[in-house]
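[1] Here is my input; please provide its structure:
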Amino acid sequence: GHHRAAPERELVTGVALDAVGAAWAGRLARALAPLREPDGARRSGSRGALPEAARLLDLLGMDLVTPAKISARWAELRIGSGEIATATVGVTRDGSCALDLTDHLLVGGAPQSGRTELLRSLLAALAVAERPDRLGLLLIEGRPPADPARGLSPAVELPHVVGHVATTDGPALREAARALSAELDRRAALLEGRSFAAWHAERALSRLAPPRRPADDYPATASAQGAVTVEAEPLPHLVVAVDDWDGLVGTPLAHVLEDAALRGPRLGVRLAVTTASPEHTAGTAVDEAAQLRIALRVDSPTASALLIHVDDAASLAEDSPGRGLLRHPDGGVTPLQTARVTGRIPRTATLRPTVTPLDWSTLGEPPASRTVRELGNGPTDLALLASALQRATESLGTAPIPHIL
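    Have a look, this model is predicted:
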């Protein structure tokens, strides 16, 4: 008896392959056709790719903007905390990106790179993350645009805003400098040498301590050993947003902003500053104090090196608004796509079903989606958010922060 020979097999990388027909190979090819190597895997290991654009409300999980949603978020905040809230401003290859403004922020980029939009998104994200009685926003425009919609004016409706400077008039800038300087001095006098965090910690402890009747020789206003009353003056966090800082260099207001850069963190004041000319603002107190930096599209490698101290900034040459690099206080650099908050709601998007002929060679491709055009006939995301924030603020029943300007 002869034994029948076994079918011929070839061992390739540990897998035994049998002879297959053309039909089987075709079915396998069609099944594998939809698979694509992730773009991020080609550039940076297994991480995902940066999107071409990002919507802030989507990143905040607010597909439906309502006062109830905002009030619910505020209700989860810790009362009396001396820590400033983080603000989600964009997307990295690992997910959403939230900035912790324990340090000053400096944003640089060429015209049309998305500097102002990033600042508006930061202000909106901060407003969602913190109640208006614990956070004030002061808006300053170094070069007021001809069209107010292109500046910081759309953010003025946020209930957290305590002032807005949008003028190149000398007397007006001097008055703004005087008002901001007075606010810094008020905070320094109220803190009496304590840090902002220590002051809030003392207030929190005073709420937990049982009330005591002061002795005749014991002042009822303040004591480092044990206060019997809490200071009545408000001391919320203050974020000073300055668009086009280079347009203010040399003015009286710039000198006060540099003072805020030096002693602001101890007083609960943070700067969020943009510049179109990093080489013009390099070496200023604001530039040296900013440990958190974002470089958007720049005109020269020198500008990127001044912003984030990275020589190789080839990715910043991309003509994509909002695309840039984030440098952390520890020196690490992360690619970033900043979020947009002034897009308009597409109210007239066509939702009719469509019929598209498919060729057999493209059956493995993902279905093409209908492009939704932004027709500009609806309110912006920022306007919707500001309206909901105002109504949520009314439900708090707390006194608003006094305006600085």
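
[2] Who are the contact partners of the spatially most central residue of the chain?
    Centroid-nearest residue in the chain: residue 89, 2.6 Å away (criterion: Cα atoms, centre = their mean). Residue 89 sits next to 56, 97-99, 118, 121-122, 125, 338-339 when contact means Cβ atoms under 8 Å, 6 or more residues apart in numbering. The C-beta positions use only the backbone N, C-alpha and C, and glycine is treated the same way.

[3] now those as a markdown table including distance to residue 174, pLDDT and neighbour count?
    Below are the contacts of residue 89 laid out as a markdown table (distance: Cβ to Cβ, whole Å; pLDDT from 0 to 100; neighbours: other Cβ atoms under 10 Å):
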| residue | distance to residue 174 | pLDDT | neighbour count |
| --- | --- | --- | --- |
| 56 | 35 | 96 | 27 |
| 97 | 38 | 95 | 23 |
| 98 | 37 | 94 | 14 |
| 99 | 32 | 94 | 20 |
| 118 | 29 | 97 | 28 |
| 121 | 31 | 97 | 29 |
| 122 | 27 | 98 | 28 |
| 125 | 32 | 97 | 24 |
| 338 | 33 | 96 | 29 |
| 339 | 35 | 96 | 31 |
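
[4] for those residues, which one is nearest residue 275?
    Comparing the contacts of residue 89 against residue 275 with Cβ to Cβ places residue 118 closest, at 12.3 Å.

[5] what's the neighbour count on residue 259?
    17 (other Cβ atoms under 10 Å).

[6] host element of it?
    helix 252-267 (DSSP states H and E).

[7] How about residue 88?
    strand 86-92.

[8] For that strand, buried residues please.
    Buried residues in strand 86-92, defined by neighbour count with 16 or more other Cβ atoms under 10 Å: 86-91.

[9] need those in TSV with pLDDT and distance to residue 188, can you?
    Formatted as TSV, the buried residues of strand 86-92 follow (pLDDT from 0 to 100; distance: Cβ to Cβ, whole Å):
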residue	pLDDT	distance to residue 188
86	91	26
87	94	26
88	95	31
89	96	30
90	96	34
91	95	38
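
[10] out of those, which one sits closest to residue 261?
    residue 87 (19.1 Å).

[11] Could you find the closest non-adjacent residue to the closest one?
    Of all residues not flanking residue 87 in the chain, residue 125 sits nearest, at 3.8 Å (Cβ to Cβ, 6 or more residues apart in numbering).

[12] just residue 405 next, same as before
    What sits nearest to residue 405 in space, not counting adjacent residues and going by Cβ to Cβ, 6+ apart, is residue 163, at 3.0 Å.
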